[in-house]
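Asker: need a 3D model of the following:
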Amino acid sequence: MEHVVDLSRLQFAITALYHFLFVPLTLGLAFIIAIIESIYYISGQQIWRGMAQFWGKLFAINFAMGVATGITMEFQFGTNWAYFSHYVGDIFGLPLAIEGLMAFFLESTFVGLFLFGWNKISKGAHLLATWCMAIGANFSALWILIANAWMQHPVGAKFNPQTMRMELDSIAEVFFNPVAQAKFVHTVSAGYVTGSIFVLSISSLYLLRKKCVEVAKRSIIVALSFGLFSSVSVIVLGDESGYLANETQKLKIALIEGAWETEKPPASFTLFGWPDQKNLQTKYSIKIPYVMGVIATRSLDKEVLGIKDLVQISKQKMRDGIQDYERLMRLKAGKSPNRDEDIAYLEKNYRQLGYALLLKRYYSDLSNLTDEQIEEVAWKNIPQVLPIFFAFRIMVGCGFYFLALFAAGFYLVNIKRNFHNKLFLRLALYSMPLPWIASQMGWIVAEYGRQPWVIQGILPTFLGVSSVNTTQVVVSLVMFVILYTTLLCIDIFLMIKSIKLGPEIFIHKEKDNA
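Answerer: The predicted structure follows:
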């Protein structure tokens, strides 16, 4: 069972991380193309139309790969995570269904109009289709992030003790979950940064090689302007995500900070350190005063709980949850002396039940557990601190680097009109992988930092898996890795080929048509 859980988690993580190689570029590049085509619509200059078509070709390659890698992810909820789907399918399935309709009908329709409608619909209609494509891509991401945010902060649902399932209680609460709002704007802003870095890097390559110079100059202006705005948004909106995480997932904040002891106000931020989980300490700490207090509590007079205290809180919730679990078992067996009272009680107090379920991974009988046994389980459920600690710092470091890069480029290009600073151009070129690294680190913090829960505080990860054996998961995992790696190689090959051909073919085509 342990191997099935770990392998199922690994498979979903790998497929999700592969898929998210394509998503950020789709989100960012769509808006950059819409901006470029808007300039063409206003100015009437054919070079801007050729630019929109060139970047649109790269967008189309990336979009196709994103669709191909995204389809299989949702099927895993039925193959590898069947009990998860049974337990929360009423709530979780709703935003996924809407996303499917929006992605495969609305978004894909406008992508088709953008790609094939240049000479078939009017100039204004095509511009409208392009903006709808960009907005549709972002709204498609919205529903996925609403579903993910519900896993982080489950609202708008209630537990039914008679069916032993979570059921939808308020659509509005699910849709307007504050965690979903913060996660959406932060994620799409990161996508805008990715698109901006992508355009900036390729344009820098053209300028270094003195190729497609006029296209590259115009593209850099758009990328730097859009990227500067986006990088500021990522940092500001990431700060909001940190505040909400402290409200809803205090352990995640403690893991990010590597804070074993509760930080007294005003809490400082550990700029660097080395978490030592064996000895429950973070070595070589370099701290910045006040920063964590401001991020996590929006104040200078509130403490930030450490891992040790959070373990004790979890221990008490487990102890209380055992009583709720025993009440539920009596109700299930038809041995409850006060059935209606027990049902009403569990409907209101179901959140502690999840903590008792954490104990089921290690003990079948919960009735006679000692405090030492419960505390041991509470410590076992603490994820490895080191990967979360450094993943967060890599993500944040990249975010501030992007801000500095875009600000420096904006000054050089938009103010000084210097397009040929080789140091900046090389720096921009070599920066291309960084937004993908930052995005992947962000998802590691978000998802690994939620453990041991698949639904925060409600359903432990180990309970959500299907009744499959290790061999089945290993075979499917290997197949996914081979397939997705092949798709990634194809994507890179097609991208490089299109970049080498350059935008000149589209510019010359438009001149000939004119």
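
Asker: so how far is the top helix by length along the chain from its chain's centroid?
Answerer: Assignment by DSSP state H gives helix 213-248 as the longest helix of the chain. Relative to its chain's centre, helix 213-248 lies at 15 Å (C-alpha atoms, centre = their mean, to the nearest Å).

Asker: buried set for it?
Answerer: Using 16 or more other C-beta atoms under 10 Å as the test for burial, helix 213-248 gives 215-228, 230-235, 237-238, 240-246, 248. All C-beta atoms are positioned from the backbone trio N, CA, C, and that covers glycine.

Asker: now swap in stretch 409-421 and tell me
Answerer: Buried-residue list, stretch 409-421, by 16+ other C-beta under 10 Å: Gly409, Phe410, Leu412, Val413, Phe419, Asn421.

Asker: same deal with stretch 147-162?
Answerer: 147-157, 159, 161.

Asker: what's the most distant pair in these?
Answerer: Asn148 and Pro161 (26.8 Å; C-beta to C-beta).

Asker: Leu434 - nearest residue in space that isn't next to it in sequence?
Answerer: Cys398 (5.2 Å; C-beta to C-beta, 6 or more residues apart in numbering).

Asker: the one you found against Trp436, yeah?
Answerer: No - counting by C-beta atoms under 8 Å, Trp436 is not a contact partner of Cys398; they are 9.7 Å apart.

Asker: contact partners for Ala134?
Answerer: Taking C-beta atoms under 8 Å, 6 or more residues apart in numbering, we find Ala134 in contact with Ala30, Phe31, Ile33, Ala34.

Asker: for Thr297, see how far away Leu305 is.
Answerer: 10 Å (C-beta to C-beta, to the nearest Å).

Asker: how about residues contacting stretch 349-360?
Answerer: So stretch 349-360 is in contact with 158-159, 161, 314, 317-318, 320-322, 324-325, 328, 346, 366, 369, 374, 377, 381, 452-453, 455, 457-460, 463, going by C-beta under 8 Å, 6+ apart.

Asker: which of those residues are buried? Put it as a ChimeraX command.
Answerer: To isolate the buried members of the contacts of stretch 349-360 in ChimeraX, using 16+ other C-beta under 10 Å:
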select :159,161,314,317,318,321,322,324,325,328,346,366,369,374,377,381,452,453,455,457,458,459,460,463
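
Asker: I'd like to know how far the residue nearest to Phe139 when sequence neighbours are not counted sits from Gly136.
Answerer: Spatial nearest neighbour of Phe139, excluding adjacent residues (C-beta to C-beta, 6+ apart): Met102 at 5.8 Å. According to C-beta to C-beta, Met102 and Gly136 sit 7 Å apart.

Asker: restricted to strands, list the contacts of stretch 349-360.
Answerer: Lys158, Phe159, Trp453, Ile455, Leu459, Pro460 (DSSP state E).

Asker: I'd like these laid out as TSV, including distance to Ile394 and pLDDT.
Answerer: Below are the ones in strands among the contacts of stretch 349-360 laid out as TSV (distance: C-beta to C-beta, whole Å; pLDDT from 0 to 100):
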residue	distance to Ile394	pLDDT
Lys158	39	88
Phe159	38	86
Trp453	24	92
Ile455	27	91
Leu459	30	90
Pro460	28	91
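
Asker: need the max-distance pair from these.
Answerer: Applying C-beta to C-beta across the ones in strands among the contacts of stretch 349-360, the maximum distance is between Lys158 and Pro460, 19.1 Å.

Asker: mean confidence score for stretch 45-53?
Answerer: Averaging pLDDT along stretch 45-53 yields 91.

Asker: mind saving the C-alpha coords of it as CSV?
Answerer: Taking Å, rounded to 0.1, in the frame of the first residue of the first chain, the C-alpha atoms of stretch 45-53 are listed here in CSV:
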residue,chain,number,x,y,z
GLN,A,45,1.9,48.5,-40.3
GLN,A,46,2.3,45.0,-41.8
ILE,A,47,5.4,44.2,-39.8
TRP,A,48,3.2,43.9,-36.7
ARG,A,49,0.9,41.5,-38.4
GLY,A,50,3.9,39.3,-39.4
MET,A,51,5.1,39.5,-35.8
ALA,A,52,1.7,38.3,-34.5
GLN,A,53,1.7,35.4,-36.9
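
Asker: any idea how far that stretch is from the middle of the chain?
Answerer: 33 Å.

Asker: now stretch 87-106
Answerer: 17 Å.

Asker: just to revisit the earlier point, so the residue nearest to Leu434, which state does it fall into?
Answerer: Following DSSP: H, G, I helix; E, B strand; the rest coil, Cys398 is assigned to helix.

Asker: and it, how many neighbours does it have?
Answerer: As a burial measure, Cys398 scores 24 neighbours (other C-beta atoms under 10 Å).
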